[in-house]
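*Asks:* After the sequence you'll find the predicted model.
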Amino acid sequence: MLKSIIKATLLCVIIFAFSCQSNEPPTEVFMPKFFADHMVFQRNQPIRVWGDGTPGKSVVATFNNQEKETEIDDNGYWMVEFDPMPASGPFVLDVNGKKIRDIQIGDVWVAGGQSNMEWVMSAQVEGLQEEIADSEYPLIRFFKIPHDYDAKVKTDVRGGEWKVANADNLMNFSAVAWFFAKKNHLEKGVPIGIIESNWGGTPAEGWTASEKLIDFPPYQEKAKDVVDRKDYWIQEIIDNKVRELKRNDLVAAPQNGEIKGVVNTNFDDSDWQTVNLPGDNPFSDIAWFRKKFTVTNIDNVSLNLGDIQQMAYIYLNGGRLLFKDYGDAVKEFTLPAGMIVQGENLLAVRIVNTWNNSPVLGKSGEFFVKSGGKKISLEGEWKYNNRIEEEIPKVEWYNWLPGMMYNAMIAPIVKYPIKGVIWYQGESNTGEHQYYKRLFSTMIQNWREAWGIGDFPFLFVQLANFMERKDVQPDSDWAFLREAQTQTLELPNTGMAVTIDVGNAGDIHPRNKKDVGHRLWQSAKKVAYGDDVVHSGPVISAVAKQGEKIIVTFDFVGEGLQLSSGAEVKGFVLAGEDGEFESAKGKIVGTNQVEVYSPKVKNPGEVRFAWADNPEFNLYNSLSLPAVPFRQKID
């Protein structure tokens, strides 16, 4: 009897032990932040899922009726791969009980570069209202990687979430990427995922692994320092980010000045410095300005501050009038009737410039209050104080150093298969244009090597027209940079969108992003999808001399060259034996040829087209794509 009881007890213990083992909860695992609801996987490529966890523990992942199991290695890393799939969805991914829902299989593009790629739809992009009305595309999704930089390669991004295209989310999408993605989706009929990895004002070397620049003399010293003093840079970047956090807290806290009463009409500013605006610009730190002005007619009073760099809080008679953010244009606007008074009024402005700590207020001729149709100038004496609030900490632009943004904003995603890259950058490298072809080519090759999926399509935007227009400008840095971009097309599977006609002389950020996105897509159709289309504007193929005239022959003309205006081709310059350039006249003399002539150049030795910061030209192909700027010696 006793033996039977003991046997029964042991059996229960064994059964209980196995029961506990089988019901043990799955090991917790962690995945990069872009593994999240609404994500898009690249079609026809292995579907990779990876992350970290406790070494030795198992990972079980299921996706579309496939199950994969692996063990977390000694470094805490794991990865599984599912079979490639065609465009389809939605699906659910389950990893040790963690579920990621509404996953689509389609085409994934990285949208990289500086501010013209980062520029969001809400920032006064042309055609915004039309796009809002046509923005419900649930199969278009965007993931924005936050700004980050580091001296070490990171395995995850700083933050972000997948956003499905709709009227609300659209406002914070890259405008260029949106127009590209929408065209892509509508024409190819597949889900589109855009991973935004961009940062305004940044140079290409910051997006290139530092190790790739050690043998490139212009960047060699800085790249070698980043590599050799890695421990120093890891700590210094941590310290710099702490300073940045404090600076950002101060920038976003106007109440620190408001509570001292500086916006009120009765505040005593007699001990403030008197400055003359706009002549004494720029200033420093968190700059407060005050000025009194008098109006006799309070009907329809407007204000124009001319220029503000970068961010400002504006107050009228003690009340906050508006906040001007970075990227917002400064325009004349009507003052609320309830805030203006007949007689003396007080205007107070708080400005901070996180770009270079050089706040600017006012612009000559555009700095006034308008009352009763008459302008009351605000130029002249203002009260100024930049110690009302704490001095902002000095934050260095270490993200510009070789490899820093690559480590934090590109390296974490290189295991994620993609269709290709769209890129808009170069403005910050114009001062070193002579190195850009090699630098940009190195960056592209670096990314392709890191992704390990071959020479994926890399499409980029040539710099738009900008700054004062000059008829003849042979030493234009912007023209040389554009040439370096054109030369980068020597790399396989690359394409370029020419935007020499969408820019703005006074604004480095043209608001016409639709043409940019659509021209990138035209290039993608040929380079990425193999469609039989004319994917570029006219490209020079030959130059022949006919007496004092030359004949320029073009490829990629479609049904023929055409002019956007007038009867004469604009944009050509010629130089003779003396090397002096003169404006030249052009005439279309065939489907793909232009005759160029200048009475001032008897024996032309070089021809250039659209060679200036902001050239005037009118030569296109039949698809309304602009001719590619060039310079060419004439034998």
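*Replies:* Sure, I can see it.

*Asks:* in the helix or strand containing residue 132, what's buried?
*Replies:* For residue 132, the host element (DSSP states H and E) is helix 128-133. Applying a neighbour-count criterion of 16 or more other Cβ atoms under 10 Å, one finds 128, 131-132 buried in helix 128-133. The way it works is simple: take the backbone N, C-alpha and C, and place the C-beta from them, glycine included.

*Asks:* contacting residues around that helix?
*Replies:* Contacts with helix 128-133, where a contact means Cβ atoms under 8 Å, 6 or more residues apart in numbering, come from 121-122, 125, 167, 170, 178.

*Asks:* Just the buried positions in the very next helix or strand once past it, please.
*Replies:* Downstream of helix 128-133, the next assigned helix or strand under DSSP H and E is strand 137-144. Buried residues in strand 137-144, counted by 16+ other Cβ under 10 Å: 137, 139-144.

*Asks:* Stretch 336-349: which residues count as buried?
*Replies:* For stretch 336-349, the neighbour count (16+ other Cβ under 10 Å) marks 339-340, 345-349 as buried.

*Asks:* actually stretch 197-217, not the one I wrote
*Replies:* Buried residues in stretch 197-217, counted by 16+ other Cβ under 10 Å: 197-210, 212-214, 216.

*Asks:* buried set for the host helix or strand of residue 439?
*Replies:* Under the criterion of DSSP H and E, residue 439 resides in helix 436-451. Residues 436-444, 446-448, 450-451 are the ones in helix 436-451 that count as buried (16+ other Cβ under 10 Å).

*Asks:* Give me the pLDDT value at residue 17.
*Replies:* Turning to residue 17, the model gives it a pLDDT of 44.

*Asks:* my bad, should have said residue 541
*Replies:* pLDDT recorded at residue 541 is 98.

*Asks:* show me what contacts it?
*Replies:* Counted by Cβ under 8 Å, 6+ apart, residue 541 has contacts 553-555.

*Asks:* Okay, helices next: where are they in the stretch 151-300 of the chain?
*Replies:* 167-170, 175-188, 217-228, 230-251, 255-258 (DSSP state H, counting those that start in this stretch).

*Asks:* Can you lay out these as a markdown table showing mean pLDDT and distance to residue 533?
*Replies:* Conversion of these to a markdown table gives the following (pLDDT from 0 to 100; distance: least, Cβ to Cβ, whole Å):
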| stretch | mean pLDDT | distance to residue 533 |
| --- | --- | --- |
| helix 167-170 | 98 | 27 |
| helix 175-188 | 98 | 11 |
| helix 217-228 | 98 | 37 |
| helix 230-251 | 97 | 45 |
| helix 255-258 | 96 | 56 |
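
*Asks:* I'd like those helices laid out as CSV, including distance to residue 628.
*Replies:* Listed next are those as CSV, based on distance: least, Cβ to Cβ, whole Å:
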stretch, distance to residue 628
helix 167-170, 32
helix 175-188, 19
helix 217-228, 26
helix 230-251, 40
helix 255-258, 51
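
*Asks:* which regions of the chain sit below the pLDDT cut-off?
*Replies:* Scanning the chain for pLDDT under 70 picks out the ranges 1-24.

*Asks:* Name the nearest of the contacts of residue 541 relative to residue 491.
*Replies:* Nearest to residue 491 among the contacts of residue 541: residue 555, at 18.4 Å, using Cβ to Cβ.

*Asks:* Can you report how many residues neighbour the closest one?
*Replies:* For residue 555, the count of nearby residues is 14 (other Cβ atoms under 10 Å).

*Asks:* what's near enough to touch it?
*Replies:* Neighbour list for residue 555: 538-541, 592 [criterion: Cβ under 8 Å, 6+ apart].

*Asks:* Out of the residues you listed, which is nearest to residue 223?
*Replies:* Each of the contacts of residue 555 was scored against residue 223 by Cβ to Cβ, and residue 539 proved nearest at 33.8 Å.

*Asks:* what's the distance between that closest one and residue 260?
*Replies:* Distance of residue 539 to residue 260, computed by Cβ to Cβ, to the nearest Å: 62 Å.

*Asks:* cool, and residue 152?
*Replies:* Note on residue 152: its distance to residue 260, by Cβ to Cβ, is 43 Å.

*Asks:* ditto for residue 242
*Replies:* From residue 242 over to residue 260 (counting by Cβ to Cβ), the distance is 26 Å.

*Asks:* same question, residue 543
*Replies:* Separation of residue 543 from residue 260 (Cβ to Cβ): 68 Å.

*Asks:* Pick the most deeply packed of the helices of the stretch 151-300 of the chain.
*Replies:* helix 175-188 (a mean of 23; mean count of other Cβ atoms under 10 Å).

*Asks:* how far off strand 137-144 does that helix point, in degrees?
*Replies:* Here helix 175-188 runs at an angle of 150 degrees relative to strand 137-144 (axes from the mean of the first three to the mean of the last three Cα atoms, to 10 degrees).

*Asks:* Could you pull out the buried residues of the helix or strand harbouring residue 484?
*Replies:* Assessed by DSSP H and E, residue 484 sits inside helix 477-487. Under the neighbour-count criterion of 16+ other Cβ under 10 Å, helix 477-487 has 477-486 buried.

*Asks:* Tabulate those residues (CSV), appending distance to residue 331.
*Replies:* Shown next, in CSV, are those (distance: Cβ to Cβ, whole Å):
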residue, distance to residue 331
477, 30
478, 27
479, 31
480, 34
481, 31
482, 31
483, 36
484, 36
485, 33
486, 36
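
*Asks:* check contacts around the residue nearest to residue 549 when sequence neighbours are not counted.
*Replies:* Nearest non-adjacent residue to residue 549, counting by Cβ to Cβ, 6 or more residues apart in numbering: residue 597, 4.5 Å away. Counting by Cβ under 8 Å, 6+ apart, residue 597 makes contact with 548-550, 574, 584-586.

*Asks:* Pull up the gap between residue 597 and residue 415, please.
*Replies:* 57 Å.

*Asks:* swap in residue 355?
*Replies:* Residue 355 is 34 Å from residue 415, where distance means Cβ to Cβ.

*Asks:* do residue 286 as well
*Replies:* With Cβ to Cβ as the criterion, residue 286 and residue 415 are 43 Å apart.

*Asks:* Give me the more crowded residue out of the two.
*Replies:* residue 286 (26 against 15).

*Asks:* Can you report phi and psi for residue 588?
*Replies:* Backbone torsions of residue 588, given as degrees, to the nearest 10, read phi -70, psi 120.

*Asks:* Am I right that it is in contact with residue 569?
*Replies:* Yes: contact criterion Cβ atoms under 8 Å: residue 588 and residue 569 qualify, at 6.3 Å.

*Asks:* what touches both of those two?
*Replies:* With Cβ under 8 Å, 6+ apart as the test, residue 588 and residue 569 both reach 563, 594.

*Asks:* quick one, which of the two is more surrounded?
*Replies:* residue 569 (23 against 17).

*Asks:* Identify the residues contacting that one.
*Replies:* Residue 569 makes contact with 563, 585-588, 594, 596, 618-619, according to Cβ under 8 Å, 6+ apart.

*Asks:* now it: how far from residue 499?
*Replies:* Applying Cβ to Cβ, the value for residue 569 to residue 499 is 20 Å.

*Asks:* next one: residue 68
*Replies:* As it turns out, when the distance is counted by Cβ to Cβ, residue 68 lies 45 Å from residue 499.

*Asks:* Looking at those two, which one has more neighbours?
*Replies:* The neighbour count for residue 68 versus residue 499, taken as other Cβ under 10 Å, is higher for residue 499 (24 against 17).

*Asks:* Done for today, thanks.
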